[in-house]
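Predicted coordinates and the sequence they were generated for:
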Amino acid sequence: MRLGRLELWPPLLLAPMAGLTHSALRTAILGFGGVGLLSTEMLAAARLPAERPASSPYLVRTAQESPLSYQLLLADDKIIGRVFEALHRLRADAVDLNLGCPAPQVRRAGGGSSLMDDPDRVRRIVAAARKQTSLPLSAKIRLGETLSENGLRDFCRMLADEGIDMLTVHARLRGEPFTRPPRWEWVAKVKQWVDVPVIANGSIDSVDSARACLKITAADGLMIGRAAARQPWVFASIAREVYGVAVPEPDVRLPRLYADFVASLNERFLPERRLGRLKEFTHHFATNYFFGHHLAAKVQASESIEQAWEHAEAFFALNDSERTQQG
């Protein structure tokens, strides 16, 4: 699959997720293989020009983390020049526009999914961004506030007409929770409406769900979110079983994976930025264990990353990887 000048194979993409898709998780995923495009966390465009890569937790990146898409939370077109100067300086491999985040604080600031209510403003943003860069430019959307075939079709076609190279569709309405089954059939509609690659997102967490989604949507690729934090090897499994990519069968050793994640946090992030990211990761990772809520609770209550690691070591001593929910 092509994204502008990038060739992505396999067409499996990491979703941008606040507090999760940072350098430590990205390298954990790369350790298993199978991912075609990595992503940053959602980046506040207004602050990006002043951020320092050496200290900003949002911009920490190792040499192996490539190709890497930088996702922007952008509410207007007035600062786009400075933002893209920063992105070029950071050597972004691709840029994604966040048009789907449903978080109330993001919507109140005029960003995320609220932008879908103002197509003219989005048109100005995309047109201005396209003028500023030759980098691959993508957008991530939800289905909208309510189901409207005409409205969604016009919005997606406008994005493609203004120069978006790829469109990712989270197959839920703005107010629908992650527990609601995704409306994959609407991704199939989008695929018919536009000529750019369309990526399906929403509840893709296994080989079976990947196959089911592709059967319904005929999408050009898949984007994986929370499952990437729970099982960083999910990309490798889907790449092997669905796309026939010759990556090694995942060798999953949960205590070692967790230890490597902690080591990455300690090596790359300032002390005050480590514990919160470990707590966020553990919330998802702990679901691999039948009694993982004990691990999550202990880490959540920890006051330092050292204390969290002590709790994790004690938990692993009593719960080996043979007794996980995945078998």
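Sure thing, it's come through.

only C-alpha atoms for contact and neighbour calcs from this point on.
Fine.

Just read off the phi/psi values of Ile141.
phi -130, psi 160 (degrees, to the nearest 10).

meant to ask about Ala94, not that
Dihedral angles (degrees, to the nearest 10) for Ala94: phi -160, psi 160.

Quick check: chain neighbours aside, which residue is closest to it?
Ser69 (4.4 Å; CA to CA, 6 or more residues apart in numbering).

And Leu147, by the same measure?
Leu173 (7.4 Å).

Distance check, that neighbour against Thr21.
23 Å (CA to CA, to the nearest Å).

go on, Asp77?
26 Å.

what does Glu313 give?
24 Å.

Please say which of those two ends up with more neighbours.
Neighbours per residue, other CA atoms under 10 Å: of Glu313 and Thr21, the larger number sits with Thr21, 25 against 16.

tell me which element Asn150 falls in.
Using DSSP states H and E, the element containing Asn150 is helix 149-161.

how about that helix: buried residues?
For helix 149-161, burial by neighbour count (16 or more other CA atoms under 10 Å) applies to 152-153, 155-161.

And these, which is closest to Asp96?
Leu159 (12.2 Å; CA to CA).

Next one, pLDDT for Thr324 please.
According to the prediction, Thr324 has pLDDT 48.

actually Ala92, not the one I typed
Note on Ala92: pLDDT of 97.

number of nearby residues for it?
Neighbours around Ala92, by other CA under 10 Å: 18.

Could you confirm it falls within a strand?
No. Read with DSSP: H, G, I helix; E, B strand; the rest coil, Ala92 is coil and lies in no strand.

Run through the residues that contact it.
68-70 (CA atoms under 8 Å, 6 or more residues apart in numbering).

same check, this time on Gly110
Ala75.

give me the element it is part of.
Short version, using DSSP H and E: Gly110 is in no helix or strand.

do you know how far it is from Pro119?
For Gly110 relative to Pro119 (CA to CA), the value is 13 Å.

cool, Glu41 as well?
24 Å.

Those two - which one has more neighbours?
Glu41 (22 against 17).

so the more buried one, which of the three states?
Glu41 - assigned by three-state DSSP - is strand.

Could you export the contacts of Ala92 as CSV, including neighbour count?
Below are the contacts of Ala92 laid out as CSV (neighbours: other CA atoms under 10 Å):
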residue, neighbour count
Leu68, 21
Ser69, 25
Tyr70, 23
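
I'd like those as TSV, with pLDDT and distance to Arg226 appended.
As requested, these are arranged in TSV below (pLDDT from 0 to 100; distance: CA to CA, whole Å):
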residue	pLDDT	distance to Arg226
Leu68	98	18
Ser69	98	17
Tyr70	98	18
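
where exactly do the helices run in the stretch 51-200 of the chain?
With DSSP state H, counting those that start in this stretch, the ranges of helices along the stretch 51-200 of the chain come out as 80-89, 104-108, 119-132, 149-161, 184-193.

Quick check: nearest residue in space to Ile29, chain neighbours excluded?
Nearest to Ile29 is Pro232, by CA to CA, 6+ apart, at 4.8 Å.

Surely that neighbour is in contact with Gly33?
No. The criterion here is CA atoms under 8 Å, and Pro232 misses it with Gly33 at 9.2 Å.

Model confidence for the residue nearest to Val198 when sequence neighbours are not counted, exactly?
Using CA to CA, 6+ apart and skipping residues adjacent in sequence, the residue nearest Val198 is Leu167, 5.0 Å away. Leu167 carries a pLDDT score of 98 in this model.
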